[in-house]
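Asks: structure for the following, please:
(one chain, ligands or ions: 1)
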Amino acid sequence: MKVSSYHEEEYLAKSSYHEEGEEYLEGSTYIREGEEEYLKETETDIDIINKMCAYLNKKRISSALESPSTFYRPTSGEDEDRLHCVHLMLKYAWKYNFAAPIKGLLCSDAGAKVLDVGCGLGIWTLEMASEFPLAKFYGIDSVSYFPESVSPKNVEFLEANILHGLPYKDAEFDYVFARELIFAFQPSDFENIVMKEILRVVKPGGYIEFVESELEGHISTKALLRWNNEGMKPWINSLNIDTTINCRLQEIFTNTNQLKNISEQRIKIPFGRSNDFVGEFAAETTMQYIKSMAELLIPFMKLTHEEYYNLTKEIDKEFRDEKSASYFWNRRITAMKI
Ligand SMILES: C[S@@+](CC[C@H](N)C(=O)[O-])C[C@H]1O[C@@H](n2cnc3c(N)ncnc32)[C@H](O)[C@@H]1O
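Replies: So this is what the prediction gives:
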């Protein structure tokens, strides 16, 4: 089975590259060679920037030590804001909401069915559903953060825990999408339950796609490094999370023996307000996350609330500094069910 090597693409890089038989990125247009499918952004840069500006202008001034939460569960308004912010950041960095070559199907009247696993607030699902009114979108999450009454009407949300099995029949979906989900699971559960369930519900010839960020970034500044080394890392270790599983997705996909055309791209996302909108959004989401993690990390860091608050101020200052070179990778992996 052929597994394509992944491409590294600096965000906003306009240069194109092309390896024989592989997909390539050119500006904001995604083209898969040999297929008559072209993904062109339907939303312009200006539209996305306007949304990002509107977001930043209305963002809440958060009290630093609001609510405890985990990485995976948006439990407060703060966390909801963060998921919106992450959505806009990734949309602007990648220039599109999906990479699998399914646009033709979504635009057709074939009644394509799409599942968003761990849909959270349902932001991606709702955006896709209004862009592709002829397709039907389903979002599931183990907690009902998604809206109760939805518009557009081609969306259905359901509270369901994938570890207990997906409430759908075999081969029901043309495309299954998951974003920022993988670290919610122990690696064995991910491989033995989550992947199996996703592969069960996707049709032969259908696609799956994962979009996953690194749990730990590449950090160049002192206060953020301290927060990471003394707080985040010990906390992650206490949960027995495999922090490398996002890098092994190609291997995991291959080992299923049920997937082909496995393709991975990754994009570098800088933290730092001097780094354009993407950097500003990465800084914004990270600050929101750091603040929301206060109650969980304070015991690991042996700090008072005031000391933790002061550390958040230092990190915020670092993000404004032009010399901040910290970044993290976001990966996008697609494959077709055999
Ligand atoms: C970081 S959030 C990402 C949400 C959404 N995919 C997005 O990109 O905005 C991860 C989501 O996965 C959900 N989740 C975690 N474990 C799950 C499970 N066992 N079954 C279904 N959803 C789960 C969480 O409730 C949370 O909403």
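
Asks: so who does Leu90 touch?
Replies: Contact analysis of Leu90 by C-beta atoms under 8 Å, 6 or more residues apart in numbering lists Arg179, Val211, Asn330. (Each C-beta comes from the backbone N, C-alpha and C, glycine too.)

Asks: how does it look with 10 Å?
Replies: 11, 96-97, 124, 179-180, 211, 213, 267, 269, 278, 281-282, 285, 330, 332 (C-beta atoms under 10 Å, 6 or more residues apart in numbering).

Asks: so which of those wins on neighbours?
Replies: Ala282 (30 neighbours; other C-beta atoms under 10 Å).

Asks: thought that one was touching Ile267?
Replies: No - counting by C-beta atoms under 10 Å, Ala282 sits too far from Ile267 to count as a contact (11.4 Å).

Asks: who touches both of the two?
Replies: Contact criterion C-beta under 10 Å, 6+ apart; residues shared by Ala282 and Ile267: Tyr11, Leu90, Ala93, Ser213, Phe328, Asn330.

Asks: buried residues in stretch 227-243?
Replies: Within stretch 227-243, the residues scored as buried using 16 or more other C-beta atoms under 10 Å are Trp227, Asn228, Glu230, Gly231, Met232, Trp235, Ile236, Ile241, Asp242.

Asks: may I have it as PDB, with CA atoms only?
Replies: C-alpha atoms of stretch 227-243 as PDB (Å, rounded to 0.1, in the frame of the first residue of the first chain):
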ATOM      1  CA  TRP A 227       4.100  26.800  32.100                       C
ATOM      2  CA  ASN A 228       4.600  23.800  29.700                       C
ATOM      3  CA  ASN A 229       7.400  22.100  31.700                       C
ATOM      4  CA  GLU A 230       6.000  22.600  35.200                       C
ATOM      5  CA  GLY A 231       2.300  22.500  34.500                       C
ATOM      6  CA  MET A 232       1.100  21.000  31.200                       C
ATOM      7  CA  LYS A 233       3.700  18.200  30.900                       C
ATOM      8  CA  PRO A 234       3.200  16.800  34.400                       C
ATOM      9  CA  TRP A 235      -0.500  17.000  33.900                       C
ATOM     10  CA  ILE A 236      -0.400  15.200  30.600                       C
ATOM     11  CA  ASN A 237       1.900  12.500  32.000                       C
ATOM     12  CA  SER A 238      -0.600  12.000  34.900                       C
ATOM     13  CA  LEU A 239      -3.300  11.200  32.300                       C
ATOM     14  CA  ASN A 240      -1.100   8.600  30.400                       C
ATOM     15  CA  ILE A 241      -1.800  10.400  27.100                       C
ATOM     16  CA  ASP A 242       0.400   9.400  24.200                       C
ATOM     17  CA  THR A 243       1.600  12.800  23.000                       C
END
